[in-house]
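**Q** here is a sequence with its predicted model. Questions after.
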Amino acid sequence: MKKDKQREIKFRVWHEEKNKWIIGSIRNDGQFYSPDLIPADFNNIDIQFYTGLKDKNGKEIYEGDIVKDLWNPRNTREIVWTEGSPEPFNISYYEDAEEQFEVIGNIYENPELLTQ
């Protein structure tokens, strides 16, 4: 990620029990809110953050996405967050991510892509 560029704070939420993406927002108290969920549902969600990068097709790359390295097609990887790292996502240091990677799925809907 280019050092002079501010990363836009965006996220998506996967509900593990319902096996679907949930739309919501962060309230003033810092808690996630969705009209589709009751309080008990919040124990079963996984919040995934936007990396600030897009793939070769202009698709936003999120934590939990599975990407193909177009320069090394046998290399697919899950996008992960590393707490405390200067480059928190494992592809953040690629300034040419928009040319090098393509989102091919995510860990919830396409976990089999990581075993290929």
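**A** Great, that's in hand.
**Q** what mean pLDDT does the top strand by length along the chain get?
**A** Identified as the longest strand of the chain according to DSSP state E is strand 45-54. Averaging pLDDT along strand 45-54 yields 87.
**Q** may I see the buried residues of that strand?
**A** Residues of strand 45-54 classed as buried by neighbour count (16 or more other C-beta atoms under 10 Å): 45, 48-53. C-beta here means a position set from N, CA and C on the backbone, and glycine is covered the same way.
**Q** relative to residue 113, which of the residues you listed is nearest.
**A** Taking C-beta to C-beta as the measure, residue 113 lies nearest residue 48 of these, at 16.0 Å.
**Q** beta-bridge partners for the closest one, please?
**A** With DSSP bridges as the criterion, the beta-bridge partners of residue 48 are residue 12.
**Q** from residue 12, how far off is it?
**A** Distance of residue 48 to residue 12, computed by C-beta to C-beta, to the nearest Å: 5 Å.
**Q** please enumerate the shared neighbours of the two.
**A** Between them, residue 48 and residue 12 have residue 62 as joint contacts when contacts are counted by C-beta atoms under 8 Å, 6 or more residues apart in numbering.
**Q** report the contact partners of the residue nearest in space to the middle of the chain.
**A** Nearest to the mean C-alpha position of the chain, counting by C-alpha atoms, centre = their mean, stands residue 62 at 1.8 Å. Listed by C-beta under 8 Å, 6+ apart, the contact set of residue 62 reads 11-12, 48-51, 79, 106.
**Q** residue 104 reaches residue 75, doesn't it?
**A** No: in this structure, residue 104 is not within contact of residue 75 by C-beta atoms under 8 Å, at 11.7 Å.
**Q** between these two, point out the one with more neighbours.
**A** Comparing residue 104 with residue 75 by other C-beta atoms under 10 Å, the one with more neighbours is residue 104, at 14 against 11.
**Q** double-check that the more buried one belongs to a helix.
**A** No: secondary structure of residue 104 (DSSP: H, G, I helix; E, B strand; the rest coil): strand, not part of a helix.
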